[in-house]
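*Asks:* Got a predicted model here, sequence first, then my questions.
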Amino acid sequence: MNKIFILIFSALIFYSAGHKLDSKRKKYFEGEIIYKIEYEPYEEKYQADRIKELIGSKMVLTFKHGNYKKEYFSPDGKLLQKRVLKLKDKKSYFKTYDSDTIYWIDITVNESKTQFKQLNDTVILNHPCNTIRTKTVVTGENFGGQSFEVGGVFNYAQDLAINPKWYEDYKEGNFNEIAELAKGVSLRTINEGVYWEQKIVAVSINRRKVKKSEFDINLTDKPVKKL
């Protein structure tokens, strides 16, 4: 009888320890999310439908181990631009489909310092989300050397987790610090830009295995330029 009790007790301890280890193993999001994009121009000379044709009305995010591909489509389904983050390269690549040139930025250099704060949580598509507001001062040749303040509100899904350590070197826009609070994939982004407000909102989420080749970008036979 004592032997049976000892065996049962040992089995319970083993199960309990295994259960605790499983619960500590975080499952990070891998898959594809589709977003719709809407625009609210600040002036009548900018038309929302025309902006959708030029910049995109839909975005498809492919995500794995912190790397991502963002593809932007026009209302008629034309692929307008592609952005690829490759953490191994420490670079973010950008290409529009009316140009052969591939642009890139060094994510380890912070040229657009961003202030941010955490707001109240919210729920999107039944996913609880952390909310972060950002404020960035931008300058550039396109603005005649003037400086402008742009803002953003981001809702990061708590149950579509990311590992903040992936982004330790991603200092552009202070994203390495933001990732510590975000801890998930963004389901809604509100960009308060210079000429219009842009809303990018998730409409479908598909957990799936993503191949590394989906992030491939051909840098050998095209002009490559630092942005």
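*Replies:* Looks like it arrived, so ask away.

*Asks:* in this structure, what spans have low per-residue confidence?
*Replies:* 1-25, 140-145 (pLDDT under 70).

*Asks:* Output the longest strand belonging to it.
*Replies:* strand 147-161 (DSSP state E).

*Asks:* Listing partners with orientation, what would you give for that strand?
*Replies:* Taking DSSP bridges as the criterion, strand 147-161 forms sheet pairs with strand 127-139 (antiparallel), strand 184-192 (antiparallel).

*Asks:* pretty sure Pro75 belongs to a helix, no?
*Replies:* No - per DSSP: H, G, I helix; E, B strand; the rest coil, Pro75 lies outside any helix segment and is coil.

*Asks:* I'd assumed Arg50 was in contact with it.
*Replies:* No - counting by Cβ atoms under 8 Å, Pro75 sits too far from Arg50 to count as a contact (10.6 Å). Bear in mind the C-beta positions are built from the backbone N, C-alpha and C, glycine included.

*Asks:* can you tell me how far the nearest residue to Thr62 once chain neighbours are set aside sits from Leu61?
*Replies:* Closest residue to Thr62 apart from its sequence neighbours, by Cβ to Cβ, 6 or more residues apart in numbering: Lys69 at 4.4 Å. According to Cβ to Cβ, to the nearest Å, Lys69 stands 7 Å off from Leu61.

*Asks:* repeat for Asn126
*Replies:* Asn126 is 18 Å from Leu61, by Cβ to Cβ.

*Asks:* who has more neighbours, the two?
*Replies:* Leu61 (19 against 8; other Cβ atoms under 10 Å).

*Asks:* Please state the offset of whichever strand or helix holds that one from the chain centre?
*Replies:* Assigned by DSSP states H and E, Leu61 falls within strand 58-64. Relative to its chain's centre, strand 58-64 lies at 8 Å (Cα atoms, centre = their mean, to the nearest Å).

*Asks:* Not counting its own residues, what contacts that strand?
*Replies:* Residues outside strand 58-64 that contact it (Cβ atoms under 8 Å, 6 or more residues apart in numbering): 29-37, 68-73, 75, 185, 200, 210, 212, 214-215.

*Asks:* For the chain, which segments count as helices?
*Replies:* 2-24, 48-55, 175-182 (DSSP state H).
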